[in-house]
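> what's the 3D shape of this:
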Amino acid sequence: MIPIFRKKSEFSVESKKMREFSVDGLEKIGAGFHGTVYRLDDETILKVIDEMIPLENIQKERDTSQKAFLLGIPTAISYDVVKVGNQYGIIYELLNSQSYMNKLQENQDKIEELGKELGKFTRLVNNTVIDDTFDDIKQLQLAKIDRAKDIFDEDDYKMIRHLFEVIPESNTFVHGDLHPGNVLIQKDGSLYLDMAFSGNSASGYGHPIFDLVSFAQPVIGAVEDHPEEDFVSEFNGLTKNQNYELLNAYLKGYFDTEDEEYIEKVKEEILLRARAMKVIDLKYCAIMLQNQESAIVDGDDKRKIIRNLGIETLFERVEAGLQRIRATLENKEDGFFF
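Residues are numbered from 1 along each chain as shown. Have a look, this model is predicted:
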């Protein structure tokens, strides 16, 4: 179904003392690595943010969501930042919604159809021109790579950085952390975005490949990081074949084509960069686990997957990812195909 874009409107968020909420008894309607979404009532939802995320980042997500809404980007209206125990959350207005990931899990016989719909929705969002009051996604990604310089060999660091340096500039909207868990669907079929945090996965402006890379990263995590598993429910509840089917359908919907050769060329560009960002994340996790840092060791169940892999396996996955990137680049023409 074609998503319905709400009309632009003006609203204000009054400055007032931060309210406190409890999620006890609330229905959980979605979850990601940095937050969990609960239903407050028929008209509002509460997104509870990981306690590791600074308050200023959460406030910036709320502000970015408001700016995006005023530009006509389909996102829930954000209101208060509230306190939830030791964490913070954001209250959004969104009627009768669930995450698109839940819809995929409930309709596994319709992955082709649903994947294409999600691809078309992403393309519509990426066609929105915005200004430089938003974050520059390319610069955020390059900054993340630069911060990882000391944990990689110089050649690997330069290889990864070059993959992002050659991405063309663009002034169109990029969600920054786009995956089925960050897309919400209402009962009438309308699709809306759950906005990303400021930081490495902020919503902002840039080339649309950044959203396609975000979409591909969980697929890589499910399929390539767990080759021994037939069912990867820890990631998204879909089998390996279903993950591949979802990614291919998503790209066909995004580019509005059934041309398999074209899709494979585009996918090569996307997976190169998705693997690059994945090895950075995995190496940081391996180092944190090696150093017994509490963010990983004492983290919640979403980090249990990382802990269970173990230090040695994490480092092995990093090297395997780098080898995949090197092998692809050896057989690929230089430049950027999109």
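
> For the rest of this, base every contact and every neighbour count on C-alpha atoms.
Noted.

> Please, where are all the strands along this structure?
Under the criterion DSSP state E, the chain contains strands at 27-31, 35-39, 44-49, 77-84, 87-93, 97-99, 135-136, 173-174, 183-186, 191-193, 204-205.

> Dump the ones you listed to TSV, plus mean pLDDT and distance to Thr64.
Formatted as TSV, the strands of the chain follow (pLDDT from 0 to 100; distance: least, CA to CA, whole Å):
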stretch	mean pLDDT	distance to Thr64
strand 27-31	77	20
strand 35-39	84	17
strand 44-49	87	15
strand 77-84	86	9
strand 87-93	87	12
strand 97-99	79	20
strand 135-136	90	9
strand 173-174	94	12
strand 183-186	86	16
strand 191-193	83	12
strand 204-205	92	8
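
> which of these is buried the deepest?
strand 173-174 (a mean of 30; mean count of other CA atoms under 10 Å).

> Can you tell me who the nearest residue to Val183 once chain neighbours are set aside pairs with across the strands?
Closest residue to Val183 apart from its sequence neighbours, by CA to CA, 6 or more residues apart in numbering: Leu193 at 4.8 Å. Note on Leu193: beta-bridge partners Thr75, Val183, judged by DSSP bridges.

> got the contact list for the residue nearest to Ile91 when sequence neighbours are not counted?
Spatially, and ignoring its direct neighbours in sequence, Ile91 is nearest to Leu46 (4.6 Å; CA to CA, 6+ apart). Taking CA atoms under 8 Å, 6 or more residues apart in numbering as the criterion, Leu46 is in contact with 37-40, 89-92.

> partner residues bridging Leu46?
Counting by DSSP bridges, the residues bridging with Leu46 are Tyr38, Ile91.

> Gly204 versus that one, what's the distance?
23 Å (CA to CA, to the nearest Å).

> one step back: looking at the strands of the chain, spot the one closest to Lys17.
The closest of the strands of the chain to Lys17 is strand 77-84. By CA to CA, the value is 9.0 Å.

> Report the distance from that closest one to the chain centre.
Offset of strand 77-84 from its chain centre (CA atoms, centre = their mean, to the nearest Å): 21 Å.
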